[in-house]
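> Requesting a structural model of the entry that follows:
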Amino acid sequence: MKWSIQINGKHYNNKNFSNIDDLEIRNFLEEWGNNELSISVNTSGSTGKPKLIHLLKSDMVASAKLTGAYFNLETAQTALLCLPIKYIAGKMMLVRAIVLGFDLISVKPASNPIIDCVQSIGFAAMTPMQVNTVLNQSPDKLNLIEQLLIGGAPVDSRLESKLQEVKTHCFSTYGMTESITHVAVKKLNGKNKSKYFEALPNITFQCNKDDCLILKTPHLSSSTINTNDIVKVIDKQSFMFIGRIDNVINSGGIKIHPEELETKVSSLFLNKRFFFASLPDELFGEKLVLVIESKNNISDLQSGLEKQLDTFEMPKTIFYLDSFIETKTKKIDRIRTLKEV
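Presented below is the predicted three-dimensional model:
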């Protein structure tokens, strides 16, 4: 396969990429240019055991073109690569650079990937942790980015509030490795801010009998993708995320979605990480618990929770842990962390 790419101001193609310093980029480009029809990609492991899957290169090209169409990305626009290439988000930024003709700025993945950046960036993708760090350490730097995708974990209300003060057009993304990154985005600030995820071109949504989202993706070889995400479909091209079906807690016959509770109370936790989960209970079947990453108890937490939550949403037990166990992509591993309480 013939290809060309511009990285940090230097042009490479399928014949002269062996002098690229970054080994992971070089390995990916070698795999991209071989005669195989697919690419090997690791899933993140946030919802189960990480696994290696194979994605068609033609599907990755189609996904890149869809992103380009939605965000009106023009050839020779600058884009930032600051996510691990081992996973789909990093791989797809390289594919977009090849397909759409980006001038790609590549930096090592870091909590603040643009701390030394001085030039304007047309398009970038970061995790919520990275965006929070940038806003805490060098907030003016974020304004160097024109359009920013924020994915890999939910954007909480505190971060969304901070984003109202920046010029950058910020979008929360919905997608997974199997859908080849985002298939829907939610505008978080500025004009056209939305509370719903909206489909990229030609993608549509529906639900199964358990209210789990079904993706209709005609641009991919798998034209239908079933998910474990419970949503409220607004129409065929927009939905509200509720939570994962495998996280649903059934306490005394009442179904509780921990992600909804986390959104409700996020303002109580400042910069501390936390999550709701369940433990076995003889009376209720499952009891709701709250797990907080903190060495010290949070003052007035009980009264704060009582103001934000209904009675049946109140945790029966609150646990404090010094640190959470993470997946390789720095998401909270809820299952393994809960075993530590």
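
> Quick one: end-to-end distance for stretch 2-13.
With C-alpha to C-alpha, to the nearest Å as the measure, stretch 2-13 spans 7 Å from end to end.

> Can you mark which positions in it are buried?
5-7, 12 (16 or more other C-beta atoms under 10 Å). For glycine as for every other residue, the C-beta is placed from the backbone atoms N, C-alpha and C.

> for those, which one is nearest D322?
Using C-beta to C-beta, I7 is the member of those that lies nearest D322, at 39.9 Å.

> Surely the closest one is in contact with L104?
Yes: counting by C-beta atoms under 8 Å, I7 does reach L104; the two are 4.9 Å apart.

> what touches both of those two?
A97 (C-beta atoms under 8 Å, 6 or more residues apart in numbering).

> what pairs with the closest residue to A97 other than its chain neighbours across the strands?
Nearest non-adjacent residue to A97, counting by C-beta to C-beta, 6 or more residues apart in numbering: L104, 4.2 Å away. When assigned by DSSP bridges, L104 has beta-bridge partners I7, A79.

> Check the buried residues of stretch 2-13 and tell me the two furthest apart.
Most distant of those, by C-beta to C-beta, are Q6 and Y12, 7.5 Å apart.

> A110 - how many residues pack around it?
Residues lying near A110 (other C-beta atoms under 10 Å) number 12.

> That one should be in a strand, yeah?
No: under DSSP: H, G, I helix; E, B strand; the rest coil, A110 falls outside any strand and is assigned coil.

> Could you look up the SS state of L215?
Applying three-state DSSP: L215 is strand.

> what are the ranges of the helices in the stretch 101-250 of the chain?
Here the stretch 101-250 of the chain has its helices, by DSSP state H, counting those that start in this stretch, at 128-137, 139-142, 157-163.

> want to throw these into CSV with mean pLDDT?
Compiled in CSV, the helices of the stretch 101-250 of the chain are given as follows (pLDDT from 0 to 100):
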stretch, mean pLDDT
helix 128-137, 93
helix 139-142, 95
helix 157-163, 91
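
> got the ones you listed as a markdown table, with distance to S120 and mean neighbour count columns?
As requested, the helices of the stretch 101-250 of the chain are exported to a markdown table (distance: least, C-beta to C-beta, whole Å; neighbours: other C-beta atoms under 10 Å):
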| stretch | distance to S120 | mean neighbour count |
| --- | --- | --- |
| helix 128-137 | 15 | 18 |
| helix 139-142 | 11 | 16 |
| helix 157-163 | 18 | 17 |
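
> Ok, which of these comes nearest E30?
Short answer: helix 128-137, nearest of the helices of the stretch 101-250 of the chain by C-beta to C-beta, at 27.5 Å.

> residues in contact with the nearest residue to I114 once chain neighbours are set aside?
Counting by C-beta to C-beta, 6+ apart, I114 lies nearest to K141, which is 4.8 Å off, once chain neighbours are set aside. Shown in contact with K141 (C-beta under 8 Å, 6+ apart): 114-115, 117, 134.

> Show me which of those residues is closest to C207.
Minimum distance to C207 across the contacts of K141 is 35.8 Å, recorded for V134 (C-beta to C-beta).

> I'd like the distance between K65 and I225.
18 Å (C-beta to C-beta, to the nearest Å).

> Next, find the distance separating E165 from E313.
Following C-beta to C-beta, the distance that separates E165 from E313 is 31 Å.

> between these two, which one's more packed in?
Remark: of E165 and E313, E313 carries more neighbours, 20 against 11, as counted by other C-beta under 10 Å.

> That one contacts K255, correct?
No: using C-beta under 8 Å, E313 is not in contact with K255; the gap is 11.4 Å.

> Other residues contacting stretch 190-198?
Residues contacting stretch 190-198 (C-beta under 8 Å, 6+ apart): 169-170, 172, 174, 184-187, 234, 237-241.

> could I get these as TSV with neighbour count, distance to L100 and pLDDT?
Formatted as TSV, the contacts of stretch 190-198 follow (neighbours: other C-beta atoms under 10 Å; distance: C-beta to C-beta, whole Å; pLDDT from 0 to 100):
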residue	neighbour count	distance to L100	pLDDT
H169	20	18	97
C170	27	20	98
S172	23	22	97
Y174	24	21	97
A184	24	20	98
V185	23	17	98
K186	22	22	98
K187	17	21	98
I234	14	30	97
Q237	17	23	97
S238	19	25	98
F239	23	27	98
M240	12	30	96
F241	21	28	95
